[in-house]
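A.B. asks: mind looking at a prediction? Sequence and model below.
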Amino acid sequence: MAGLGTENSGKAVLKLGGSFLTDKSKQFSARVEAIKKLAMALKGFEGRIAVVHGGGSFGHSVAIKYGISNRVTFSDPEAVFETRKAMLTLSSIISSLFEEAGIRTYTIPAAGILKKDRRPRADLSSLLGNIMDAKMVPLTFGDVVPYRSNFTIISGDYLSYIFCRAIHAERMAFLIDRPGILKDVGDDSKVIKELTRKKITSIRLNDAGDATGGLKAKLREAFRISDAGVDTAIISGFNTDALISFLNGGKVQGTVVKGKR
């Protein structure tokens, strides 16, 4: 389905999860055809969307290899370099596939978005506005950034929250490899249609192989984003029809965390 963006669809942030972008069982394995399909579906939404992506079998696997995934700060230059190298490689693949679909991206590393205390730079809204006004798509990713006197890992989920605030987004979509948040991780037919904080305690979440907290961290940011008044959906990245429907204000095929008004 081709993109059907309209002037009334409002601005949105898309978080392309690593489980959708990559095969996590194989290091450095991007799902090229799935990314191509997504990019084609988003044609026409330039100027209305900003994109954040995760690390999947690129950044996460390297961070875990170097033992920095669970550390608040670190200073190992090899770990910093290799993790960022993996993320930049994946980001380049995504940018190139979007370009093939006719979408121009503008990549901004997290260090260009956040100050050293992890707060957003003061002119971020203006910066993203310039990019989007030029009908380009701001693109960033989970990254290793300078933090105080060392380095730390910044998740794409946190950057999604920062982007939502900066562009005054109306919608936020987390794209994963499942049709939504499941009541049972082994049964794709049992999707939780609307998620509340109370329901989380009864859900089994799989965070294996994720350097930034996996679904638990994603849901924390989803609620924080919804608390800021942004309608949030967790849907399959493979279901482009569901994504376009959500971006255009239609019915959600996935899990919704409704924005507070």
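C.D. replies: In hand now; what should we look at? The model shown is predicted, which means the values in this text are computed figures rather than measured ones. Residues are numbered from 1 along each chain as shown.
A.B. asks: could you use CA atoms for every contact and neighbour count after this?
C.D. replies: Noted.
A.B. asks: elements contacting the helix or strand hosting Arg165?
C.D. replies: Element membership for Arg165 (DSSP states H and E) is helix 156-167. Identification of packing neighbours for helix 156-167 by 3 or more Cα pairs under 8 Å, 6 or more residues apart in numbering; DSSP states H and E yields strand 12-16, strand 49-53, helix 124-133, strand 137-141, helix 214-227.
A.B. asks: can I get those in JSON lines with mean neighbour count, distance to Met40 and mean pLDDT?
C.D. replies: Output for those, formatted as JSON lines (neighbours: other Cα atoms under 10 Å; distance: least, Cα to Cα, whole Å; pLDDT from 0 to 100):
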{"stretch": "strand 12-16", "mean neighbour count": "26", "distance to Met40": "15", "mean pLDDT": "98"}
{"stretch": "strand 49-53", "mean neighbour count": "26", "distance to Met40": "14", "mean pLDDT": "98"}
{"stretch": "helix 124-133", "mean neighbour count": "17", "distance to Met40": "18", "mean pLDDT": "98"}
{"stretch": "strand 137-141", "mean neighbour count": "25", "distance to Met40": "14", "mean pLDDT": "98"}
{"stretch": "helix 214-227", "mean neighbour count": "20", "distance to Met40": "26", "mean pLDDT": "84"}
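A.B. asks: which one of those lies closest to Ile103?
C.D. replies: Nearest of the helices and strands packed on helix 156-167 to Ile103, taken as Cα to Cα: strand 137-141 at 7.4 Å.
A.B. asks: helices of the protein, start to end?
C.D. replies: Using DSSP state H, the helices of the chain run over residues 18-21, 32-42, 56-65, 77-100, 124-133, 156-167, 197-200, 214-227, 240-247.
A.B. asks: now the third one: buried residues?
C.D. replies: Same thing as helix 56-65. Gly56, Ser57, Phe58, Gly59, His60, Ser61, Val62, Ala63, Ile64 (16 or more other Cα atoms under 10 Å).
A.B. asks: state the distance from the fifth one to Ala134.
C.D. replies: Separation of His60 from Ala134 (Cα to Cα, to the nearest Å) stands at 32 Å.
A.B. asks: what of the last one?
C.D. replies: Ile64 sits 38 Å away from Ala134 when distances are taken as Cα to Cα.
A.B. asks: likewise for the first one?
C.D. replies: As defined by Cα to Cα, Gly56 lies at a distance of 30 Å from Ala134.
A.B. asks: for Val72, grab the count of nearby residues.
C.D. replies: 12 (other Cα atoms under 10 Å).
A.B. asks: and the nearest residue to Arg178 once chain neighbours are set aside, what does it touch?
C.D. replies: The shortest distance from Arg178 to any non-neighbouring residue, by Cα to Cα, 6 or more residues apart in numbering, is to Ser236 (5.2 Å). With contact set as Cα atoms under 8 Å, 6 or more residues apart in numbering, Ser236 has these partners: Phe20, Leu175, Ile176, Asp177, Arg178, Pro179, Gly180, Ala242, Gly254.
A.B. asks: bridging residues for Ser236?
C.D. replies: In this entry, Ser236 is beta-bridged to Ile176, by DSSP bridges.
A.B. asks: cool, Val256 as well?
C.D. replies: Counting by DSSP bridges, Val256 forms beta bridges with Glu194, Ala233.
A.B. asks: from what I can see it touches Ala233, true?
C.D. replies: Yes. Here Val256 reaches Ala233: they are 4.5 Å apart, a contact under Cα atoms under 8 Å.
A.B. asks: those two: which is more packed in?
C.D. replies: Ala233 (30 against 23).
A.B. asks: and the more buried one, how far from Gly254?
C.D. replies: Taken as Cα to Cα, the span from Ala233 to Gly254 is 7 Å.
A.B. asks: then Phe223?
C.D. replies: Distance from Phe223 to Gly254, by Cα to Cα: 16 Å.
A.B. asks: number of residues surrounding Leu97?
C.D. replies: 21.
A.B. asks: who are the neighbours in contact with it?
C.D. replies: Here Leu97 is in contact with Val32, Ile35, Lys36, Ala39 (Cα under 8 Å, 6+ apart).
A.B. asks: show me just the buried residues among those.
C.D. replies: Here, 16+ other Cα under 10 Å leaves Ile35, Lys36, Ala39 buried among the contacts of Leu97.
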